[in-house]
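J.: build me a model from this:
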Amino acid sequence: FFNDSKVPSSPLFHGFDRMNATVEVSPTATTNCGCRGQWEEHCNFGHYKQHNHCAGGPSPGGPSVPKGCCFNYWWEDPNSEHGITNLTNPSYDDDSAYLAEAFIGFLESRKGQPFAAQVSFHNCHIPFIGTHAARQACKEGKTCMQTNRHGDSAADFT
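T.: Take a look at the predicted model:
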């Protein structure tokens, strides 16, 4: 992801002027809770009940976090050693709220100037983890369909 890597591949390397991105597909709740051991207490694993979808890379989170379970957000920082920096605090329980807030900040920085943006929300793919409030509303039948289009019961994911 670093701009000075042997094989750089951040959005900045591919023509974007700005970015706020994870390195890969990430969980939809407490996205970066595996990046530091002390953040693990904030992890919302949902029905997975543990870290999941880890790619096996390095683990800055310490020995209690499986390798590849640090899904942090990165953005450009010309003053940092590698030209990028990342979150230094635990991310939100609802990843889409973080992404929306980051995009609003980007919009405000544009001050009416034209732009093209590509925003990828993680809640359209696995590992999907609903917030505690969303899971409760689903259990109460307020928000979820009883089955998905594949016949899986909503109860399996709440």
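
J.: from here on, contacts and neighbour counts on C-alpha atoms
T.: Will do.

J.: longest helix in this structure, please.
T.: In the chain, assigned by DSSP state H, the helix with the most residues is helix 95-110.

J.: show me the contact partners of it.
T.: For helix 95-110, contacts defined as Cα atoms under 8 Å, 6 or more residues apart in numbering pick out 20, 27-31, 91-92, 119, 121-123.

J.: recalculate using a threshold of 10 Å.
T.: 18-21, 26-32, 73, 91-92, 113-115, 117-123, 129-131 (Cα atoms under 10 Å, 6 or more residues apart in numbering).

J.: all strands of this structure, in order?
T.: Ranges of strands within the chain are 20-21, 74-76, 84-86, based on DSSP state E.

J.: please convert these to CSV, extending it with mean pLDDT.
T.: Output for the strands of the chain, formatted as CSV (pLDDT from 0 to 100):
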stretch, mean pLDDT
strand 20-21, 88
strand 74-76, 89
strand 84-86, 88
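
J.: for those, which one sits closest to P11?
T.: Judged by Cα to Cα, the one of the strands of the chain that comes nearest to P11 is strand 20-21, at 8.1 Å.
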